[in-house]
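S.K.: This is a predicted model, with the sequence first.
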Amino acid sequence: MKIQELIDKIEISFFPIRDINNNTIYGYEVILNNINATSYLNKNELFDYAYQNKNLYRLDFKIRKKFLMKFNSSNLNKDKMLFYELDNRILEMPDYKKGKTLELMKKLNLLSKNLCFNISEKHKFISMKNMLITLRNYRNQGYKISINNFGDRFSNIKLLYNCSCDYLFLDSFLTTDINFDRKKQILVQNIIDLCKTFGIAVIARGIKKMEIIKKLSNLEIPLIQNIYKDSIISN
C-alpha cells in the first residue's frame, strides 16, 4: 500500500490535557487511530517499516499535515497546545527538510509556539550532538519540546539534562496507585521539585481515578490527561 493510501485511512484524534486548577482544557495530544486496519501493522511496526524503506520522513510529514489541517478545520480552540510524538529517526532520512512544518502552519495561520514535539528514548538519537542541534533548530522555529513517558527508562535523567525541555510527561508507572504508594509519592515529588527549578511543566497521563487526581493536585501537578473524565475527540 502506498503512503498516501495509508495516510488517507489513518484517523486523527485529539486527547485533552486538562488544567485541574481551573478545570479548563490546556491542550491536546495527537492520537493516531485505525493504523491496524490500514496495513495490518501497529503504529510502531508501521514507523519501523517506513524507516527501513527510507520513507519515514515522508510518512511523518504527511501525518503532521493531516492532523494540523484537521485541527485547523475543527471547532477546537486554536490557542491551545498541540502535543505530537516525534520519531527522531526522521533526521536520518535522505529527504529530510527543515522548515516544512513551519511553512504549513503559516499557511494555516497556526502558531508554532502552540506545537510541542514529544521526544523519548524509544529510538536513540544518532548522537547527543545531533540531538542538541535538532532541538535547537525546533526551538529557533518557535516550537516547544517535551520529554515523553518520563520514568519508564533508567537513563531518562540524561535526556532531561541535555534537552532543555518545556514539558515532561510522567509515565503511567509513576502515577498508577500513587495515592497510596509512598515510594512513588517521594519519587514524583522530587521530579516536580527538579522541574520547578528548570522551569518545566509536568503532565501526568492516563489518570483513571479521582483519588489519584486529588493526590496529584496535592503534589502540585495541575496538568493531567484524565481518562476518568475526558474522552478522546475524534470529530
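M.R.: It's in. Numbers count the residues shown, from 1 in each chain.

S.K.: Just after the helix or strand bottoming out on mean pLDDT in the chain, pick out the following helix or strand.
M.R.: Every helix and strand of the chain was ranked by mean pLDDT, DSSP states H and E. The lowest is helix 35-39, at a mean of 61. Downstream of helix 35-39, the first helix or strand assigned by DSSP states H and E is helix 43-52.

S.K.: Against residue 217, how distant is the residue nearest the centre of the chain?
M.R.: For the chain, the residue nearest the mean C-alpha position is residue 118 (3.6 Å; CA atoms, centre = their mean). Residue 118 is 23 Å from residue 217, where distance means CB to CB, to the nearest Å. For the C-beta atoms, the positions are set from N, CA and C on the backbone; glycine is no exception.

S.K.: tell me the SS of residue 203?
M.R.: Following DSSP: H, G, I helix; E, B strand; the rest coil, we place residue 203 in the strand state.

S.K.: beta partners of it?
M.R.: residue 169, residue 223 (DSSP bridges).

S.K.: correct me, but it touches residue 166?
M.R.: No - at 10.6 Å, residue 203 does not count as touching residue 166 under the criterion of CB atoms under 8 Å.

S.K.: overlap in contacts of the two?
M.R.: Taking CB atoms under 8 Å, 6 or more residues apart in numbering as the criterion, residue 203 and residue 166 both touch residue 146.

S.K.: circling back: now do the same contact list for the residue nearest to the centre of the chain.
M.R.: 29, 83-86, 146-148, 169.

S.K.: 6 Å instead?
M.R.: 83, 85, 146, 148 (CB atoms under 6 Å, 6 or more residues apart in numbering).

S.K.: which ones are touching the second one?
M.R.: In other words, residue 85. Residue 85 touches residue 118, counting by CB under 6 Å, 6+ apart.

S.K.: now the strands for this protein?
M.R.: Secondary structure of the chain, counting by DSSP state E: strands at 11-19, 24-33, 81-85, 115-119, 144-150, 167-170, 201-207, 223-226.

S.K.: and among those strands, the most buried is which?
M.R.: strand 167-170 (a mean of 25; mean count of other CB atoms under 10 Å).
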